[in-house]
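the following comprises the amino acid sequence and a computationally predicted model.
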Amino acid sequence: MSTVTTWGLVVETTVGSAERKHTEAQVVAHIEGTREEAVAELERRARAYVPTHPLSHRRRRLLRDGDGFLLLVDGAWRSFVTRFTVAELLEDSAAPAEPDPVVETPPEPEPVVVTPPPAPPRPTPEQLAERDEDGVPVLPSWLGRRDLS
């Protein structure tokens with residue numbers, strides 16, 4: 001069974017202002033697949049990202065750093081930085097439990113019901129008495145008997 005690699009897309013950004021200014025990190029998505037696929041999705045998100053600070057920016061620069069990105073936004077008085085990183089998920093204590101593998105059992109074959117053909121109708125006494133020109137009965141006497149099957 002091959003395992004699929006899960007990548008976490010991490011965004012670290014500057015929040016707050018003045019003395020309360022600090023950096024917070026958050027996993028914004030999980031991507032299953034190759035590292036290249038995860039980096040492509042990370043770049044798409046970095047290009048579209050709009051930080052909350054600064055409120056009015058003078059300059060925006062997106063830089064690539066290995067497999068990650070740095071977004072530098074210059075405000076009127078200060079610069080704010082946002083770092084975008086792709087990282088392989090190795091462990092997650094809050095991950096949902098993997099479901100048990102589904103073992104498919106072949107369906108039970110449907111029972112074959114064999115119905116016997118209907119018994120031919122019993123000949124009437126007149127039919128049994130009928131004979132051909134040589135005196136041989138036209139219908140055999142056993143025809144239609146249900147006790148012979």
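Looks like it came in fine.

drop to CA atoms for contacts and neighbour counts, all remaining ones
Noted.

contacting residues for Val10?
Ala25, Gln26, Val27, Val28, Ala29, Arg83, Phe84, Thr85, Val86, Ala87 (Cα atoms under 8 Å, 6 or more residues apart in numbering).

relative to Thr82, how far out is it?
10 Å (Cα to Cα, to the nearest Å).

just the buried ones out of the contacts of Val10, please.
In these, burial by neighbour count holds for Arg83, Phe84, Thr85, Val86, Ala87, counting by 16 or more other Cα atoms under 10 Å.

may I have the phi/psi pair for the third one?
Meaning Thr85. Note on Thr85: backbone dihedrals following degrees, to the nearest 10 are phi -130, psi 140.

how close does it sit to Pro51?
16 Å.

neighbouring contacts of the biggest helix by length in the chain?
The helix that spans the most residues within the chain, counting by DSSP state H, is helix 35-48. By Cα under 8 Å, 6+ apart, the residues outside helix 35-48 that reach it are Trp7, Leu9, Ile31, Glu32, Leu62, Asp67, Gly68, Phe69, Leu71, Phe84, Thr85, Val86.
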